[in-house]
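Colleague: Got a sequence here, can you model it:
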Amino acid sequence: MTTADFGGATKIDASKRVMLEFLRGLKNDRVGLVVFSGEAAIMSPLTFDYTALQRLVEPIEAGGALG
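Modeller: Sure, this is the predicted structure:
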């Protein structure tokens, strides 16, 4: 996820950009956030609060400790 092969961006940064764009396009859909690296962690249950989800996505880093 740290390899820069998406126009100079790392995979994690490209993934976060796509996720943030996706969240900005939602209107009446519940969505949750699960991250994983060896084991999964629920960062957010299903919600309509897209702003909160965007705040949770921004600090995600590759190889970061869950918990």
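
Colleague: Please enumerate the helices of this protein.
Modeller: Secondary structure of the chain (DSSP state H): helices at 11-25, 50-57.

Colleague: chain center to the longest one: distance?
Modeller: The one in question is helix 11-25. Distance of helix 11-25 from the chain centroid (Cα atoms, centre = their mean, to the nearest Å) equals 7 Å.

Colleague: how about it: buried residues?
Modeller: Neighbour counts over helix 11-25 (16 or more other Cβ atoms under 10 Å) mark 12-16, 19, 23 as buried. To be clear about C-beta, it is placed using only N, CA and C from the backbone, and glycine gets the same treatment.

Colleague: Can I get it in CSV, CA atoms only?
Modeller: C-alpha atoms of helix 11-25 as CSV (Å, rounded to 0.1, in the frame of the first residue of the first chain):
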residue,chain,number,x,y,z
LYS,A,11,-1.9,2.9,-3.1
ILE,A,12,-3.2,4.0,0.3
ASP,A,13,-3.5,7.6,-0.7
ALA,A,14,-5.2,6.7,-4.0
SER,A,15,-7.6,4.4,-2.0
LYS,A,16,-8.4,7.2,0.5
ARG,A,17,-9.0,9.7,-2.3
VAL,A,18,-11.5,7.3,-4.0
MET,A,19,-13.2,6.6,-0.7
LEU,A,20,-13.6,10.3,0.1
GLU,A,21,-15.0,10.9,-3.4
PHE,A,22,-17.4,8.0,-2.9
LEU,A,23,-18.6,9.4,0.5
ARG,A,24,-19.1,12.9,-1.0
GLY,A,25,-21.5,11.4,-3.6
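
Colleague: Begin at 54, not 1, for the rest of this chat.
Modeller: All right, first residue 54 from here; so that's helix 64-78.

Colleague: one step back: can I get the helices of the chain in TSV with distance to residue 89 and mean pLDDT?
Modeller: Output for those, formatted as TSV (distance: least, Cβ to Cβ, whole Å; pLDDT from 0 to 100):
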stretch	distance to residue 89	mean pLDDT
helix 64-78	12	93
helix 103-110	14	96
